[in-house]
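> What follows is a predicted structure for the sequence shown.
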2 protein chains.
Amino acid sequence: MVLPLGDEDRASLNRTALDAPTTPLQIRPLEPAEWPAVWALLEPVFRAGETFPHDPAITEAEAQVAWVEQSQAVMVAVDATGTLVGTYYIRPNSLALGAHVANAGYVVAEYCRRQGIGSRLCQHSLQAARRLGFRLMQFNLVVSTNTAGIRCWQRNGFQVVGTLPGAFRHRRLGYVNALVMVQALVEGP
Amino acid sequence: MVLPLGDEDRASLNRTALDAPTTPLQIRPLEPAEWPAVWALLEPVFRAGETFPHDPAITEAEAQVAWVEQSQAVMVAVDATGTLVGTYYIRPNSLALGAHVANAGYVVAEYCRRQGIGSRLCQHSLQAARRLGFRLMQFNLVVSTNTAGIRCWQRNGFQVVGTLPGAFRHRRLGYVNALVMVQALVEGP
């Protein structure tokens, strides 16, 4: 008897393939000329208003400030054909005495979801955060309905610190809970 | 047998006195000319680096941006002699789809601590947040060693959502835990 593959299994298999050293996915710093391609990834995600708190009516210029100019590093994932299929930013999550805590945000092209690219970006961002000297990575507002994202981050070592009741105004669903998630990047407190 | 008053009892008695309708403490919006008096309250707190994440070497101008210009409202507590003894700010804690969550910060003059002024400011800020239409109040980085603050906020209805390990670099103690605390301002999620 052959059981049909669930989404989880499919994602896992795809992830395994992409995680292999032979994967054609390249993750590297954003080059300024690539912004239009990054915006093409971000725009539908921001417009949807389901995962990021930005105004769904955000302009391209505002998005560039939010994603690029306010970040310490912005990376892109490029597939074997040279197509930009994902991006993440990394930045300090707070001011000086909280600046050893990193924050990151990830977007993967809609047609490339469930292939493990989010996991790859997440793992890459954790390495980058360690290299930049951060001691903790924190997500402040993980929308509780974003189950694929939550599973991805949990698989990659993040833990739920707690739940913020009704803290996210989901564009379709209204007020939904949000999670705070963290992962230590160093040993000890 | 008369038991000696503990700090908690003393604070409670003082708080009761100050909470009475006859209390001379007035809480009202900051007037621009009062900034120097607010800075006199903030400066030792920021310099200490024990409760707020701001750079302990923050300049007065940077502090004015951080406390006043980036806030939706700034209030001051003035005692019967007209002396400014406390201040708080209130602002959205996040971008558009998280802008219904309020954030606030409080500072009480060092010589006026343990008199319930922090509680008065906290209660006032909760009323102000409701009036401004916020649905939740959230503190993002409550330093775990700030036990007086934590007790004050818990007494005033805040709950600990979770603990961020080592998320605050305390100027004397090094990396210490920080708490996320919230209080709902409306019924339901």
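Yep, that arrived.

> Quick one: residues contacting A:Ala167.
Neighbour list for A:Ala167: A:Leu141, A:Tyr175, A:Asn177, A:Ala178, B:Ser94, B:Gly98, B:Val101, B:Leu136, B:Gln138, B:Val182 [criterion: CB atoms under 8 Å, 6 or more residues apart in numbering or on different chains]. All C-beta spots, glycine's among them, are computed from the backbone N, C-alpha and C.

> Just confirm it is within a strand.
Yes: counting by DSSP: H, G, I helix; E, B strand; the rest coil, A:Ala167 falls inside a strand.

> what's next to the helix or strand harbouring A:Ser125, contact-wise?
Using DSSP states H and E, A:Ser125 maps to helix A:117-131. Helix A:117-131 has contacts (CB under 8 Å, 6+ apart) with A:15, A:18-19, A:23, A:25, A:27, A:73, A:75, A:77, A:85-88, A:90, A:102, A:104, A:106, A:108, A:137, A:148-149, A:152-153, A:155-157, A:183, A:185-186.

> Among the residues you listed, which are located in strands?
Judged by DSSP state E, the contacts of helix A:117-131 include A:27, A:73, A:75, A:77, A:85-88, A:90, A:102, A:104, A:106, A:108, A:137, A:183 as members of strands.

> Of the residues you listed, just say which sits nearest to A:Thr163.
Within these, proximity to A:Thr163 (CB to CB) peaks at A:Gln183, which comes in at 17.4 Å.

> Surely that closest one is in contact with A:Arg155?
No: taking contacts as CB atoms under 8 Å, A:Gln183 lies outside contact range of A:Arg155: 11.5 Å.

> Next, the residue of chain A found nearest chain B: secondary structure please.
Of all residues in chain A, the one sitting closest to chain B is A:Gly162 (2.9 Å; CB to the nearest CB). Three-state call for A:Gly162 (three-state DSSP): strand.

> Bridging across strands, which residues link to it?
A:Gly162 forms beta bridges with A:Val180, as assigned by DSSP bridges.

> wait, isn't it in contact with B:Gln159?
No: the pair A:Gly162 / B:Gln159 is not scored as a contact, 9.4 Å apart, by CB under 8 Å.

> mind checking how far A:Trp35 is from A:Tyr111?
Going from A:Trp35 to A:Tyr111 by CB to CB, to the nearest Å gives 20 Å.

> again with A:Arg151
20 Å.

> So which of these two has more stuff around it?
Higher neighbour count among A:Arg151 and A:Tyr111: A:Arg151, with 15 against 7, using other CB atoms under 10 Å in any protein chain shown.

> Nothing else from me, thank you.
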